[in-house]
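A.B. asks: need coordinates for the below:
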Amino acid sequence: MSNITEKRNVEVHGIIPKEQEQASPEKLYARLIDKIKAYHPSSDIKLIEKAYEFAKKSHGDQKRQSGEPYIIHPLHTALILADLELDKESIMAGLLHDVMEDTEVNREVMIENFGEEVTDLVDGVTKLTKLDYNLDKVEEQAENLRKMFLAMAKDIRVILIKLADRLHNMRTLMYMPENKQKEKSRECMDIYSPIADRLGISKIKIELDDLALRYLHPHTYQKLVDGVHARLEHREDFMYELIEEVAGFIEKSGIKATIDGRVKHYFSIYKKMINQNKSLDQIYDVFAIRIIVDTVMDCYGALGIIHEQYTPVPGRFKDYIAMPKQNMYQSLHTTLMGPNGQPFEIQIRTMDMHRTAEYGIAAHWKYKENITGSEKDTEEQKISWLRQILEWQRDLSDNHEFINLLKDDLNMFSEKVYCFTPDGDLKNLPNGSTPIDFAYSIHSAVGNRMIGAKVNGEIVNNDYVIQNGDRVEILTSNNSSGPSLDWLHIVKSTQAKNKINQWFKAQNKEYDEERGHELCEKYAKSKGINLPEILKPQYMEGVLRKYGYKEWDSLIAAVGHGGLKEGQIVNRLYEEYNKDHKANISDQEVINNLAESNPKSNAIRSSKSGILVEGMNDVAVRFSRCCSPVPGDDIVGFVTRGRGVSIHRTDCTNIINMPDYEKGRLIDVTWAGNMEEQQSSYMTEIIIYAHNRVGIIADLSRIFTENNIDLTAINSRTSKSNIATITMSFSIKTTEQLNVIINKIRQVDSIIDIERTKN
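C.D. replies: Take a look at the predicted model:
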């Protein structure tokens with residue numbers, strides 16, 4: 001008896017046949033039930049039937065652009081979900097996914113008829129449907145993408161249903177106007193296809209790619225289709241003979257296998273033509289043979305047999321079984337020279353691997369009976385990327401940066417390099433990654449403290465490009481000054497770029513806030529806008545909401561470092577102000593404004609600050625948090641617009657590194673009166689380096705208690721060499737008092753050094 005399953009056809013990717021699209025609702029529903037019973041024979045279909053009848057009645061006489069009854073679309077959506085073998089709740093949600101959006105049915109009615117689980121799925125898909133991914137409106141696009149990933153995190157089935165919905169809409173895009181065809185196709189290329197790829201659902205990703213190419217580049221697409229079919233007809237006999245020949249070798253070895261051939265999908269061929277600058281005639285591996293076996297051992301056994309019979313093309317073997325892709329795709333890929341000297345590709349995998357390759361995250365869905373712990377772990381690994389996206393959403397308040405990082409990550413996903421830690425742990429990084437990318441893939445603290453790297457035991461430059469199989473070791477130091485701005489031009493991974501940007505934002509936030517305020521003030525003046533008048537909480541709230549920020553200081557800092565334009569902020573504030581302009585003018589407010597501008601009250605406020613500003617009387621003074629000056633320090637003032645004078649120590653890093661064009665705004669300031677008579681307290685911070693030992697924190701705290709000093713914060717960390725770095729924040733009145741404290745700390749056992757923070 002033959003070990004080869006008789007399946008030796010050649011599969012050609014294409015559009016769903018017209019007769020299948022035109023089937024009646026009754027035939028489509030019958031096909032849906034047959035599919036569900038095939039993979040879940042024990043499933044009770046009563047609720048699915050109820051959902052179908054409810055959707056059909058709710059949509060009533062509604063028609064699609066094609067003129068078909070609207071219920072045709074939900075049925076096809078449900079059929080795609082059944083192809084993925086999803087649970088009945090997903091199938092029901094697929095049938096009902098447009099009911100809450102396009103009919104008068106509300107959430108309460110849905111819950112009453114189908115329960116909260118199905119209703120939540122429908123509600124999630126409805127919210128995604130309303131999102132507008134206008135690529136010209138960065139802020140709106142970012143906000144919509146944030147909502148999409150939050151919906152995915154709540155229940156991953158929401159995006160699976162949305163992918164099915166989008167796939168059927170793409171199949172029937174010929175009924176839409178040309179501008180809509182291109183808009184929807186671009187969304188597929190930029191958003192939906194990469195997400196399907198990330199979730200490992202190649203069955204949907206491939207078709208979305210081909211359909212999007214069809215409408216984005218119609219002439220190229222048609223030429224490609226005609227060319228592939230012409231080549232298929234020309235080489236049909238050769239391909240069938242090759243499949244039979246391969247099958248004979250596998251059968252003779254005693255390995256049980258299913259073997260078939262396939263033509264690569266059109267977008268894959270198009271991408272290779274563009275990337276390699278080749279014509280279709282120069283792409284030889286458009287045809288591939290797939291061998292599906294029972295076990296991993298059989299995969300490698302079949303590979304050995306094939307390599308004995310055909311000459312492998314050097315550099316074209318990939319082992320995705322030993323090193324799976326991030327979406328958990330596994331297979332052996334090898335390119336060989338055929339009998340006539342033409343290259344062809346063979347893919348070898350088990351049936352489980354094949355299901356994962358086709359259906360991705362849906363292949364191990366948790367609803368399935370008797371699911372094992374390892375399968376649960378597999379699904380958790382698949383959505384680890386989603387958790388990373390959600391982490392970015394928490395970290396990134398800048399919408400432009402979020403969009404760019406997300407697109408970089410999606411675009412880089414398909415090309416990976418595999419390398420190892422010194423302990424042998426596998427890391428996969430974007431192709432072209434450097435040791436800096438590797439460091440940040442371990443932990444942000446490792447990246448921030450990196451001072452060098454070794455690859456395969458040899459010291460390398462930071463811009464060394466990691467190769468497959470490299471063993472990478474990161475060298476770190478607690479005395480590292482942190483990442484360099486140059487690193488942003490070196491790294492390839494989205495994660496590394498994000499972490500480096502976060503470090504610089506934290507370091508420069510104070511300066512960025514000041515600069516942001518000044519830029520907004522300058523822009524407002526140029527437009528004749530009174531900034532203090534529109535800078536009110538009720539207007540600021542609208543701006544924060546639009547740009548996705550939680551705090552005004554963070555938004556202004558984004559202006560300071562260039563993430564947002566000052567014109568965007570001021571104009572939006574002015575729009576919010578104009579909405580209720582009449583309400584802002586009252587006699588009482590005029591009186592209040594006069595009272596606030598009283599020179600006497602300002603003079604009192606200035607004297608309380610303990611600062612005299614040369615040549616200026618009525619000026620607001622604030623102490624910079626970056627260097628925390630106290631009476632007795634050498635100080636300098638920085639004139640801001642709208643926030644008075646900011647007081648810095650003369651050794652502050654921000655002052656020392658200030659650009660020349662900003663230094664013209666520095667002004668002489670002095671401490672007022674007798675320092676010892678000052679009643680105000682000033683926050684300051686010191687960093688203590690010491691040999692770590694038990695009780696050192698208690699000894700330090702005792703000094704502050706004995707001297708009646710208000711200690712507000714302590715932070716401590718210890719290096720591998722047992723050196724403790726202790727940061728202490730507290731309130732004092734003069735530098736003399738600070739010097740007394742520092743001298744007493746120096747006498748404590750184990751202290752190495754003490755310094756004041758400068759930034």
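A.B. asks: which residues are in contact with stretch 693-708?
C.D. replies: Outside stretch 693-708, the residues that touch it by CB atoms under 8 Å, 6 or more residues apart in numbering are 688, 690, 710-711, 714, 716, 724, 726, 728, 730, 737, 740-741, 744-745, 748-750. No exception for glycine: its C-beta is placed from N, CA and C like everyone else's.
A.B. asks: repeat that for stretch 713-723.
C.D. replies: 478, 689-692, 697, 700-701, 724-729, 752.
A.B. asks: hmm, which of those are the buried ones?
C.D. replies: With burial judged by 16 or more other CB atoms under 10 Å, the buried subset of these is Tyr689, Ala690, Asn692, Ile697, Leu700, Ala724, Thr725, Ile726, Met728, Ser729.
A.B. asks: for the fourth one, what are phi and psi?
C.D. replies: Main-chain torsions, Ile697, degrees, to the nearest 10: phi -70, psi -40.
A.B. asks: pLDDT score for it?
C.D. replies: At Ile697, the pLDDT value in this model is 87.
A.B. asks: and for the third one?
C.D. replies: pLDDT recorded at Asn692 is 85.
A.B. asks: state the distance from it to Ser477.
C.D. replies: Using CB to CB, to the nearest Å, one gets 17 Å for the distance from Asn692 to Ser477.
A.B. asks: do the fifth one as well
C.D. replies: Remark: distance between Leu700 and Ser477 (CB to CB) = 25 Å.
A.B. asks: can you list the buried ones among the contacts of stretch 713-723 in JSON lines and add distance to Ala620 and secondary structure?
C.D. replies: Below are the buried ones among the contacts of stretch 713-723 laid out as JSON lines (distance: CB to CB, whole Å; DSSP: H, G, I helix; E, B strand; the rest coil):
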{"residue": "Tyr689", "distance to Ala620": "37", "secondary structure": "strand"}
{"residue": "Ala690", "distance to Ala620": "40", "secondary structure": "strand"}
{"residue": "Asn692", "distance to Ala620": "44", "secondary structure": "coil"}
{"residue": "Ile697", "distance to Ala620": "38", "secondary structure": "helix"}
{"residue": "Leu700", "distance to Ala620": "36", "secondary structure": "helix"}
{"residue": "Ala724", "distance to Ala620": "40", "secondary structure": "strand"}
{"residue": "Thr725", "distance to Ala620": "36", "secondary structure": "strand"}
{"residue": "Ile726", "distance to Ala620": "35", "secondary structure": "strand"}
{"residue": "Met728", "distance to Ala620": "29", "secondary structure": "strand"}
{"residue": "Ser729", "distance to Ala620": "24", "secondary structure": "strand"}
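A.B. asks: the stretch 151-300 of the chain: helices as residue ranges?
C.D. replies: Using DSSP state H, counting those that start in this stretch, the helices found in the stretch 151-300 of the chain span residues 157-171, 178-187, 193-198, 202-216, 218-234, 236-253, 266-276, 296-309.
A.B. asks: okay, strands next: where are they in the stretch 251-400 of the chain?
C.D. replies: Secondary structure of the stretch 251-400 of the chain (DSSP state E, counting those that start in this stretch): strands located at 257-263, 287-293, 311-312, 318-319, 332-337, 343-350.
A.B. asks: what packs against the longest helix seen in the chain?
C.D. replies: For the chain, the helix with the greatest residue count under DSSP state H is helix 494-526. Helices and strands touching helix 494-526, by 3 or more CB pairs under 8 Å, 6 or more residues apart in numbering; DSSP states H and E, are helix 384-395, helix 399-412, helix 435-442, helix 444-448, helix 487-490, helix 531-534, helix 552-560, helix 566-579.
A.B. asks: mind listing what the residue lying closest to Ile321 once chain neighbours are set aside touches?
C.D. replies: Distances taken as CB to CB, 6 or more residues apart in numbering put Gln330 closest to Ile321, at 4.9 Å, once the chain neighbours are dropped. Listed by CB under 8 Å, 6+ apart, the contact partners of Gln330 are Tyr320, Ile321, Pro324, Arg349, Met353, Thr356, Ala357.
A.B. asks: Ile656: how many residues sit nearby?
C.D. replies: By the measure other CB atoms under 10 Å, the count of residues near Ile656 is 11.
A.B. asks: kindly apply the preceding question to Gly341 instead.
C.D. replies: Residues contacting Gly341 under the criterion other CB under 10 Å number 8.
A.B. asks: and stretch 343-353, how far out from the chain middle?
C.D. replies: From the chain centre to the centre of stretch 343-353 is a distance of 31 Å (CA atoms, centre = their mean, to the nearest Å).
A.B. asks: which of the residues in that stretch are buried?
C.D. replies: Of all the residues in stretch 343-353, those buried under the rule 16+ other CB under 10 Å are Pro343, Phe344, Glu345, Ile346, Gln347, Ile348, Arg349, Thr350, Asp352, Met353.
A.B. asks: could you do stretch 291-304 as well?
C.D. replies: Residues of stretch 291-304 classed as buried: Ile291, Ile292, Val293, Val296, Asp298, Cys299, Tyr300, Gly301, Ala302, Leu303 (neighbour count, 16+ other CB under 10 Å).
A.B. asks: picking up where we left off before, tell me what angle the longest helix of the chain forms with helix 552-560.
C.D. replies: Counting by axes from the mean of the first three to the mean of the last three CA atoms, to 10 degrees, helix 494-526 lies at 90 degrees to helix 552-560.
A.B. asks: cheers, nothing more for now.
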